[in-house]
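1. Structure for this input, please:
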Amino acid sequence: MPRFLDRRTVLKCLAAVAASTAFGCSDDDDDDLPIIEDRTFYPQSVASGDPRPTSVVLWTRGVDPGNAGADVTLTLQVATDDGFTQRVLELTGVSVTSAHDHAVKVKVTGLAPRTTYFYRFLQEKNGRRVASPVGRTRTAPEAGTDTPVRFVVANCQNYNGRYYNTWQRLVQLDEDLDFVVFLGDYVYETTLEAALPGSTRQVRFTEPDGALRLASSAGTVLAAASLSNYRDLYRTYRSDPFLQQVHERYPFIVTWDDHEFSDDSWDAHANYTDGRQDESQPERRRNAELAFFEYLPLDPDDAPEGAVDVDATQRYPDSHIWRSFDFGTALRLIVTDYRSRHPDHLVPEDAWPATVAVDATTLTALGVAGAFTADTFAYVDLSAPEYAEAQGILRLAYTQLAVAAGLTQQDAEARAAAVVQGNAALAYVNPVLAQAGRAPISPTGKPRGLGFVHLGKTELFSRLGSRYVVVKDTYDVYAAARDIATGGEAQNALGAEQSAFVLDAANGSQAWKVLVSSVSPTSMVWDLSNKPDVEPATVRNRYYFDVDQWDGYPQERARLLGELRGRTSDRTVVVSGDIHAAFASVDVGVPALTAPAISSASVKEEAGEQVAAAGFPPGSAVYRYVVTEQDATLREGNPNIAFVDTDSHGFTVVEVHADEVRAAYHLIPSSEAGTSYADQPEALAARFTRRDFTVRGGAIAVG
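-> So this is what the prediction gives:
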């Protein structure tokens, strides 16, 4: 077949895009040039995203290998066949510049619904046309079309020292999918400064001086901060052949989580120093977002057809990536942004453990004072004259701890003066006084309340007792008190505008509403309260493992899921990620499917490191319950969990039908992440298992 468009096809194409001068069809002499595919001109291959019934976003990164810094001009071809004999579009003059790291996105409109298209980019070089790999994409079914929808849920793909066996398996299965929804942590912002021994899987920053330097037990860690750093992350991650192949086959619908900017971030705040420093980093966040928008094929601002002006895409503090997608009558996908607007974690990382977070008056107002009458909940007001000596001792102890944590003497003393005052819990105060050789303060006749120590906060400048491993029963009371005191703002994770958008999107059609949340709504509870072999006895509590996810905002989670359920009559499902584990659960009456990580360390691995560091080594009862037997412990702590696997990687295939949603978890042990199966496809397939579930009527059933 000829490689040119005949006059009739040209006229059709021109008529279809007459409203814009961005698109055009060509029958010039370029079609006579030989076409040769060469990936070195497109080192990150191609990708597509945000499929709608008549549009899709196409992406590539085009370079001239002989002159890496030079701007290049591309031609985009779109066809209904992979030989490009049935072209529906040819866009010439697509400018690719170093200003955006040679990445370009093109929004193609005027397409037919539920149609598979093929696309490629071309550039002229030395009398030939150099082509990108051929990409395949699919538009969404049009409104009113009653057809099942099938997609993959994936998240968390750390590259350093790890292989994408999970993506390889998806390529191997060659699933018939409408799209891949990626829930965040597409890149991880950190990498070791030193080379990993014997590994080629490591991000290396071309401008390391632009990165933050963080100390760790494994050596100096570099955290991306400059735009160059963040671009290095995407260039490296997208060099993986299996990730490239998945992008070449399926359109992606993407949201971000924290690692696209900074671990456990909120708003524009990082959390590397756990409160020792002010980590508000708005410019760093803007750098992270620009690289994200450059490298991922999403259309958050509903751009017009043609090359997308990335400079026009709103960034922090105005970024706006929540959006929804309709796939016929079966599915409305509601994509949320959990990270950009949610407030700080309820328990500050730099909280003084003795500070009373919920006083006696508030406990009474909440109707729970009777649950906290024991002496361990007694507190005193350090401003009273009789506690002047105790206050001095406590301030000295605080100063010493703060200096040991890295603060200057002056800063430590200033913080001690500001923090060590007011109501203070004797559960923390008396052990400090004992260390100083002073008599304890009697709890008799003292008011009862909850100090941060009662929530699990035992150290200054620590994520434990703040973002991770908090005592559930006391945290729930504190969260409720903060929720009431702030009129809900302390837990307003999505922000008013996005919350209104989500609830509005849940109205209307009888389609299944699938809420895309980067973090999981499944409550992860370690129940050690009835474990007599756990020592010391003070550890026998119920704990939330992770309050950086929805467990951290229990009242807001209940409100959001309750509203969704009320509007959709048991036709809402949440798909989520972040926690590096697989869950199927029903929380607040709404089924939730949490996909495992693609490659990032499993939650069992992470819990093992944290528990051992806290002084509970393998062999201890605590380690056994929260690491070795973690799956069983989580099921006991949350009976609404139908399925849990905390030590596997994988992805979830979701099928949405008129009357039910089916989910298939494809799982491989996380221990395999350090092994490449690129040349062992049969061995890889043998290491995968599958678990199937059905969602119907607000419940989850096996099979």
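
2. Quick check: chain neighbours aside, which residue is closest to the residue most central in space within the chain?
-> Nearest to the mean C-alpha position of the chain, counting by C-alpha atoms, centre = their mean, stands Asp257 at 2.8 Å. Nearest residue to Asp257 in three dimensions, chain neighbours excluded: Gly184, at 2.8 Å (C-beta to C-beta, 6 or more residues apart in numbering). Where you see a C-beta, it was placed from the backbone N, CA and C, and this is true even at glycine.

3. Pull the contacting residues for the one you found.
-> 155-156, 254-260, 339, 518, 577-578 (C-beta atoms under 8 Å, 6 or more residues apart in numbering).

4. Following the chain onward from the worst-scoring helix or strand of the chain on mean pLDDT, which element is next?
-> Ranked by mean pLDDT, DSSP states H and E, the weakest helix or strand in the chain is helix 7-16, scoring a mean of 34. Using DSSP states H and E, the helix or strand that follows helix 7-16 in sequence is strand 35-37.

5. Neighbouring strands of that next one in the sheet, and parallel or not?
-> strand 128-131 (parallel) (DSSP bridges).

6. Residues contacting the strand it pairs with, please?
-> Contacts for strand 128-131 (C-beta under 8 Å, 6+ apart): 30, 33-38, 41, 75, 120-124.

7. Present the residues you listed as CSV; the columns should include pLDDT and neighbour count.
-> Putting these into CSV (pLDDT from 0 to 100; neighbours: other C-beta atoms under 10 Å) gives the following:
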residue, pLDDT, neighbour count
Asp30, 60, 16
Leu33, 88, 15
Pro34, 91, 9
Ile35, 94, 15
Ile36, 94, 12
Glu37, 96, 14
Asp38, 96, 14
Phe41, 98, 23
Thr75, 98, 18
Arg120, 98, 24
Phe121, 98, 28
Leu122, 98, 26
Gln123, 97, 21
Glu124, 95, 14
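
8. Relative to Arg557, which of the residues you listed is nearest.
-> Among these, Phe121 lies closest to Arg557 (C-beta to C-beta), at 43.5 Å.

9. Now for the closest one: which residues touch it?
-> 42, 46, 60, 62, 74-77, 94, 131-132.

10. hang on, the earlier thing: per-residue pLDDT, the residue nearest to Asp257?
-> Per-residue pLDDT puts Gly184 at 98.

11. one step back: spell out the secondary structure type for the residue nearest to the centre of the chain.
-> Classification of Asp257 using DSSP: H, G, I helix; E, B strand; the rest coil returns coil.

12. do the one 3 residues further on as well
-> Under three-state DSSP, the three-state class of Glu260 is coil.

13. Quick check: it touching Leu183?
-> No - Glu260 is not in contact with Leu183 according to C-beta atoms under 8 Å; the separation is 11.3 Å.

14. burial count for the closest residue to Tyr186 other than its chain neighbours?
-> In this structure, Tyr186 finds its nearest non-sequential neighbour in Glu260, 6.1 Å apart by C-beta to C-beta, 6+ apart. Neighbours of Glu260 under the rule other C-beta atoms under 10 Å: 27.

15. What's the separation between Glu260 and Ala597?
-> Glu260 sits 15 Å away from Ala597, going by C-beta to C-beta, to the nearest Å.

16. Ok, Trp266 next?
-> With C-beta to C-beta as the criterion, Trp266 and Ala597 are 21 Å apart.

17. Secondary structure element for the residue nearest to Arg52 when sequence neighbours are not counted, which one?
-> Excluding the flanking residues, the one nearest Arg52 by C-beta to C-beta, 6+ apart is Ala140, at 5.4 Å. Counting by DSSP H and E, no helix or strand carries Ala140.

18. pLDDT score for Ala140?
-> So, for Ala140, pLDDT stands at 98.

19. Spell out the secondary structure type for Gln172.
-> helix.

20. follow-up on the earlier one: between Trp266 and Ala597, which one's more packed in?
-> A direct count of neighbours by other C-beta under 10 Å for Trp266 and Ala597 places Ala597 higher, at 28 against 20.

21. That one looks like it's in a helix, true?
-> No - Ala597: not assigned to a helix; according to three-state DSSP it is coil.

22. residues in contact with it?
-> Taking C-beta under 8 Å, 6+ apart as the contact definition, Ala597 lies against 155-158, 185, 577, 580-581, 649, 670.

23. Can you pull the phi/psi pair for the residue nearest to Asp257?
-> phi 120, psi 170 (degrees, to the nearest 10).

24. go on, Glu90?
-> Torsion angles, degrees, to the nearest 10, at Glu90: phi -140, psi 120.

25. Bridge partners for it, pull those for me.
-> Beta-bridge partners of Glu90, as defined by DSSP bridges: Gln77.

26. So it sits against Leu74, correct?
-> No - with contact defined as C-beta under 8 Å, Glu90 does not count as touching Leu74 (11.3 Å).

27. so how far is the longest helix seen in the chain from its chain's centroid?
-> The residue-count maximum for a helix in the chain (DSSP state H) belongs to helix 388-404. Computed by C-alpha atoms, centre = their mean, to the nearest Å, the chain-centroid distance of helix 388-404 equals 39 Å.

28. again with stretch 340-347
-> 15 Å.

29. Show me the contact partners of that stretch.
-> Contacts of stretch 340-347 (C-beta under 8 Å, 6+ apart): 264, 266-267, 269, 316, 319, 321, 357, 452, 455, 457, 465-467, 470, 475, 478-479, 482, 489-495, 498, 547-548, 552-553.

30. how about a cut-off of 7 Å?
-> Residues outside stretch 340-347 that contact it (C-beta atoms under 7 Å, 6 or more residues apart in numbering) are 266-267, 319, 452, 455, 457, 465-467, 470, 478-479, 482, 489-490, 492-495, 498, 547-548, 552.

31. Of the residues you listed, which count as buried by neighbour count?
-> Buried members of the contacts of stretch 340-347, scored by 16 or more other C-beta atoms under 10 Å, are 266, 319, 452, 455, 457, 465-467, 470, 478-479, 482, 490, 492-495, 498, 547-548, 552.

32. Which of these fall within strands?
-> Among these, the residues falling in strands (DSSP state E) are Val470.

33. residues contacting Val104?
-> Val104 neighbours (C-beta under 7 Å, 6+ apart): 60, 62, 94, 96, 307.

34. 6 Å - rerun?
-> Residues in contact with Val104 (C-beta atoms under 6 Å, 6 or more residues apart in numbering) are Val96.

35. next one: Thr329
-> Counting by C-beta under 6 Å, 6+ apart, Thr329 has contacts 146, 511.

36. Kindly report the same for the one 5 residues further on.
-> When the contact criterion is C-beta under 6 Å, 6+ apart, the partners of Ile334 are 324, 502, 505, 515.

37. Isn't the third one up against Arg323?
-> What that stands for is Ala505. No - using C-beta atoms under 6 Å as the test, Ala505 is too far from Arg323 to be in contact (9.2 Å).

38. what number of residues lie near Ala140?
-> 27.

39. Quickly list the domain ranges of the protein.
-> 7-138, 149-189+241-300+315-340+492-702, 356-485 (automatic domain parsing).

40. Poorly predicted segments of the stretch 1-150 of the chain, please.
-> The model of the stretch 1-150 of the chain has pLDDT under 70 over residues 1-31.

41. 90 instead?
-> 1-33, 68 (pLDDT under 90).

42. In space, what's closest to Val429 - neighbours in sequence excluded?
-> In space, and not counting its chain neighbours, Val429 is closest to Ala354: 5.5 Å by C-beta to C-beta, 6+ apart.

43. Could you do Thr166 as well?
-> Ile598 (4.7 Å).

44. how about that neighbour, what does it touch?
-> 154, 156-157, 166.

45. Quick check: it vs Val180, distance?
-> Taking C-beta to C-beta, one finds Ile598 at 11 Å from Val180.

46. cool, and Thr40?
-> Counting by C-beta to C-beta, the gap from Thr40 to Val180 is 26 Å.

47. Then Ala479?
-> Taken as C-beta to C-beta, the span from Ala479 to Val180 is 34 Å.

48. Next, the buried residues of the helix or strand where Glu682 lies.
-> Per DSSP H and E, Glu682 falls inside helix 681-687. Under the neighbour-count criterion of 16+ other C-beta under 10 Å, helix 681-687 has 684, 687 buried.
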